[in-house]
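Colleague: Let me see the structure of the following:
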Amino acid sequence: FESHKPMFSFSMCLKILTGEGNMDQALLRFLLTGPTKDVKDGKQKPADATWLDDKMWNEVLTLSQYPAFQGVEDAIIADH
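Modeller: Residues are numbered from 1 along each chain as shown. Okay, the predicted model is just below:
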């Protein structure tokens, strides 16, 4: 049981947030599965950001489509 406590706690937290209407189901789906398609109309990945591969950049662009994460790609471009 000890090894399952974090997963149980996470599951309970999700149920509580969902019950209160505070869980964005689309954002939760992204968290659990990642992007389901490539973003074609996003900003270009910084050429000198060698630590950031194309798959990661697609995840950043997908994440930036959610209101809570708007502009995250700009922050990465500015701070890399």
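Colleague: ok, the most centrally placed residue in the chain to Ser9 distance?
Modeller: Central residue check for the chain by C-alpha atoms, centre = their mean: the C-alpha nearest the mean position is that of Leu63, 4.6 Å away. As for Leu63, its distance to Ser9 is 24 Å (criterion: C-beta to C-beta, to the nearest Å). Where you see a C-beta, it was placed from the backbone N, CA and C, and this is true even at glycine.
Colleague: Count the neighbours of Val60 for me.
Modeller: The burial metric for Val60, expressed as a neighbour count using other C-beta atoms under 10 Å, is 20.
Colleague: got a list of contacts for the longest helix anywhere in the chain?
Modeller: Counting residues, the longest helix found in the chain (DSSP state H) is helix 5-19. Surrounding helix 5-19, the residues in contact under the criterion C-beta atoms under 8 Å, 6 or more residues apart in numbering are 23, 25, 28.
Colleague: one step back: please name the nearest non-neighbouring residue to the residue nearest to the centre of the chain.
Modeller: Phe69 (4.8 Å; C-beta to C-beta, 6 or more residues apart in numbering).
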